[in-house]
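# I'd like to go over a predicted model; first the sequence, then the structure.
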Amino acid sequence: MVKKICCIGAGYVGGPTMAVIALKCPSIEVVVVDISVDRITAWNSDLLPIYEPGLEDVVKKCRGVNLFFSTDTEKHISEADIIFVSVNTPTKTRGIGAGKAVDLTYCESAARMIADVAKSDKIVVEKSTVPVKTAEAIEKILWHNSKGINFQVLSNPEFLAEGTAIQDLFYPDRVLIGGRETPGGQKAIETLKEVYSNWVPEDRIITTNLWSAELSKLAANAFLAQRISSVNAISALCEATGADVTEVAYAVGEDTRIGPKFLNASVGFGGSCFQKDILNLVYLCECNGLPEVAHYWEQVVKINDYQKTRFVSRVVASMFKAVSGKKIAILGFAFKKDTGDTSETPAIDVCKCLLRDKAKISIYDPQATEDQIQRDLTMNKFDWDHPIHLQPLSPSAVKQMTVTWDAYEATKGAHGICILTEWDEFKQLDYKKIYDNMQKPAFLFDSRNVVDPEKLREIGFIVYSIGKPLDAWLKHTPVVA
Ligand SMILES: NC(=O)c1ccc[n+]([C@@H]2O[C@H](COP(=O)([O-])OP(=O)(O)OC[C@H]3O[C@@H](n4cnc5c(N)ncnc54)[C@H](O)[C@@H]3O)[C@@H](O)[C@H]2O)c1
Ligand SMILES: O=c1ccn([C@@H]2O[C@H](COP(=O)(O)OP(=O)(O)O[C@H]3O[C@H](CO)[C@@H](O)[C@H](O)[C@H]3O)[C@@H](O)[C@H]2O)c(=O)[nH]1
């Protein structure tokens, strides 16, 4: 009978996941611990550290009842029956495998902490996304320091997507639990399965061996990202031929073997997971002597980078091949709608390119904060994925950039607009009013197919919509790389 769960890591996964477990399992005490005092303070305040629809409601119902956020890591680990490890697994920035391999420092320190403070048997659940065989490393750390305690390690990767985390957790497509094929391993799987059975139908709980569970997570993200790179690759061909990517994606997705989801052309995928996890997969393939397989998956990331460069080239080419000194409004900075998260958002690459070309950019996003945007535009690649208090401070503010709290303010006097996130409110804007306040010719580059290009062309805009037939202006403007 599970009485207490402790989760190490109070981030996008640890916080919402544990809040839902607490809600659905009132008899279990759930404590989320973190080394970041600021994060824990925020979880205990009215202003939660992450924005996620429905999260506040769940936290308010359980916090102080059977859900707690604490920095007293040792106490709660030692008291828990099940310990989830939901810490950062960033891409390594230096040393062997830099730029691809996962930095497992935080996972290892969590495992060592568990080994140090445990006084009774524990089930340790790998929630973080990790390279295959990480569970073996965790087992070794625990078993070599066990002092006679029985540790069982499970892999229970998380599939929630940001912006829909609470719905995904309430109604998961599946819960995946991998464990050792030993009596002890199977018993641990059953114990964790019982926790999820409080709200997840039995047939949605998949049990596998440890390595299948670890690899399934990487494979799932690689398949999802591959769909986006596929449709984005087709979007380039659509623009070259006069086909419309929305029509093509619909026609393709109606095949029940392919399905309609995840076929929206965009400026590229962002978020904390896809790129990191594919690079992790690529590195695993290389380490296992499979260069062709590594090369295959690497192309998904390459097409993603190509799509971002292609978009910026379109912007610069259309605006008389020069954006120096011109004001460009950026509508949307988060990596997708309904989240304030800016991890690996394509907006970072687009803005950095425009800034390098000396454009003045004015950004409006309904959720991303100015401080975060400044950090994103000054931080080195992959640094963002370390615990917040270990990240470097912004060395200097980007002077050619302003952040506004209103789309009309951002676009006032602008030469061009780039829509980079598909926030619903961008569909409802008064584009006539925006047009009237812009420099002419007024350009609008829609990287998410949010606006109706025909309506905007009627107003007077020169419109570029990703993967859609080009208007006359763009057709006759060759794109420079
Ligand atoms: N963000 C997502 O949507 C998502 C979805 C599925 C899986 N994942 C995976 O889950 C893991 C966590 O991701 P996240 O987005 O929640 O990260 P995050 O950065 O939001 O949170 C991780 C937290 O762990 C804390 N931490 C690190 N080391 C610690 C330690 N030794 N002791 C205590 N706390 C420690 C950090 O301070 C941080 O608050 C990653 O492996 C990620 O790939 C993320
Ligand atoms: O048709 C689409 C769908 C998504 N995207 C983009 O792809 C990125 C990722 O979107 P999404 O997958 O919805 O969000 P994440 O929160 O990154 O979730 C992914 O990454 C998580 C972390 O591993 C997994 O748990 C989820 O299952 C997986 O969907 C975003 O930039 C989206 O704008 C597109 O460009 N076109």
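That came through fine. This one's a predicted model, so the numbers in the text were calculated from it and none came from an experiment. Ligands and ions are numbered 1, 2, ... in the order given.

# Would you map the helices across the stretch 101-250 of the chain?
Assigned by DSSP state H, counting those that start in this stretch, the stretch 101-250 of the chain shows helices spanning 105-117, 134-144, 165-170, 183-196, 210-241, 245-253.

# what distance separates the helix or strand just after the last one from the centre of its chain?
Tracing the chain past helix 245-253, the next element assigned as helix or strand by DSSP states H and E is helix 274-287. Helix 274-287 has its average C-alpha position 16 Å from the chain's average C-alpha position, going by CA atoms, centre = their mean, to the nearest Å.

# can you tell me the average pLDDT over helix 274-287?
Per-residue pLDDT over helix 274-287 has a mean of 97.

# cool, and stretch 130-138?
What stretch 130-138 shows for mean pLDDT is 97.

# now do the same end-to-end measure for that stretch.
Stretch 130-138 has an end-to-end distance of 11 Å (CA to CA, to the nearest Å).

# Give me the contact status of it with ligand 1.
No. Stretch 130-138 stays clear of ligand 1 (CB under 6 Å from any ligand atom), getting no nearer than 6.7 Å. Using the backbone N, CA and C atoms, a C-beta is placed for each residue, glycine as well.

# contacts for that stretch?
For stretch 130-138, contacts defined as CB atoms under 8 Å, 6 or more residues apart in numbering pick out 85, 89, 101-102, 104, 107-108, 111, 124, 126, 153-155, 178, 210-211, 214-215, 218, 280, 283-284.

# rewinding a little: nearest to ligand 2, out of the helices of the stretch 101-250 of the chain?
Closest of the helices of the stretch 101-250 of the chain to ligand 2 is helix 210-241, at 4.6 Å (criterion: CB to the nearest ligand atom).

# Which elements pack onto the closest one?
In terms of contacts (3 or more CB pairs under 8 Å, 6 or more residues apart in numbering; DSSP states H and E), helix 210-241 is packed against helix 134-144, strand 151-155, strand 175-179, helix 245-253, helix 274-287, helix 291-318.

# Put together a markdown table for the ones you listed, with mean neighbour count on each row.
What follows is the helices and strands packed on helix 210-241, written out as a markdown table (neighbours: other CB atoms under 10 Å):
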| stretch | mean neighbour count |
| --- | --- |
| helix 134-144 | 17 |
| strand 151-155 | 25 |
| strand 175-179 | 24 |
| helix 245-253 | 16 |
| helix 274-287 | 22 |
| helix 291-318 | 18 |
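
# Including distance to ligand 2, could the helices of the stretch 101-250 of the chain go into TSV?
Formatted as TSV, the helices of the stretch 101-250 of the chain follow (distance: least, CB to the nearest ligand atom, whole Å):
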stretch	distance to ligand 2
helix 105-117	15
helix 134-144	15
helix 165-170	7
helix 183-196	16
helix 210-241	5
helix 245-253	8
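
# Turn the ones you listed into a markdown table, including distance to Gln439.
Formatted as a markdown table, the helices of the stretch 101-250 of the chain follow (distance: least, CB to CB, whole Å):
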| stretch | distance to Gln439 |
| --- | --- |
| helix 105-117 | 48 |
| helix 134-144 | 53 |
| helix 165-170 | 40 |
| helix 183-196 | 56 |
| helix 210-241 | 25 |
| helix 245-253 | 29 |
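
# These: which one's closest to Leu354?
Taking CB to CB, helix 210-241 is the member of the helices of the stretch 101-250 of the chain nearest to Leu354, at 19.8 Å.

# so does that closest one get close to ligand 1?
No. Figure legend: helix 210-241 not in contact with ligand 1 (CB under 6 Å from any ligand atom); closest approach 7.4 Å.

# For that helix, buried residues please.
By 16 or more other CB atoms under 10 Å, the buried positions in helix 210-241 come out as 210, 213-218, 220-222, 224-236, 238-239.

# The stretch 301-450 of the chain against ligand 1: which residues are in contact?
Checking the stretch 301-450 of the chain against ligand 1 by CB under 6 Å from any ligand atom, the hits are Pro387.

# Confirm for me that Ile50 is in contact with Ala334.
No. Assessed by CB atoms under 8 Å, Ile50 is found out of contact with Ala334, at 11.8 Å.

# For these two, list the residues in contact with both.
Common neighbours of Ile50 and Ala334 (CB under 8 Å, 6+ apart) are Gly340, Asp341.

# Which one of those two is surrounded by more residues?
The residue with more neighbours, out of Ile50 and Ala334, is Ala334; 28 against 18, by other CB atoms under 10 Å.

# quick one, what contacts that one?
By CB under 8 Å, 6+ apart, the neighbours of Ala334 are Gly340, Asp341, Thr342, Thr345, Ala347, Asp365, Gln367, Ala368, Thr421, Trp423.

# Could I get the residues you listed in JSON lines, plus columns for pLDDT, secondary structure and neighbour count?
Compiled in JSON lines, the contacts of Ala334 are given as follows (pLDDT from 0 to 100; DSSP: H, G, I helix; E, B strand; the rest coil; neighbours: other CB atoms under 10 Å):
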{"residue": "Gly340", "pLDDT": "87", "secondary structure": "coil", "neighbour count": "19"}
{"residue": "Asp341", "pLDDT": "91", "secondary structure": "coil", "neighbour count": "22"}
{"residue": "Thr342", "pLDDT": "95", "secondary structure": "coil", "neighbour count": "25"}
{"residue": "Thr345", "pLDDT": "97", "secondary structure": "coil", "neighbour count": "28"}
{"residue": "Ala347", "pLDDT": "98", "secondary structure": "helix", "neighbour count": "30"}
{"residue": "Asp365", "pLDDT": "98", "secondary structure": "coil", "neighbour count": "27"}
{"residue": "Gln367", "pLDDT": "91", "secondary structure": "coil", "neighbour count": "17"}
{"residue": "Ala368", "pLDDT": "94", "secondary structure": "coil", "neighbour count": "24"}
{"residue": "Thr421", "pLDDT": "98", "secondary structure": "coil", "neighbour count": "29"}
{"residue": "Trp423", "pLDDT": "96", "secondary structure": "coil", "neighbour count": "23"}
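
# you'd agree Thr93 is up against Phe382?
Yes. Between Thr93 and Phe382 there is a contact at 5.0 Å, judged by CB under 8 Å.

# what sits in contact with each of the two?
Applying CB under 8 Å, 6+ apart, one finds that Thr93 and Phe382 are jointly contacted by Gly99.

# So which of these two has more stuff around it?
Between Thr93 and Phe382, counted using other CB under 10 Å, the more crowded position is Phe382 (19 against 14).

# And the pLDDT at the more buried one?
pLDDT for Phe382: 71.

# try the one 10 residues further on
Among the per-residue scores, Pro392 holds a pLDDT of 64.

# Tell me the residues of the chain that contact ligand 2?
Within the chain, the positions adjacent to ligand 2 are 129, 158-162, 221, 224, 228, 262-264, 266, 269-271, 273-274, 335-336 by CB under 6 Å from any ligand atom.
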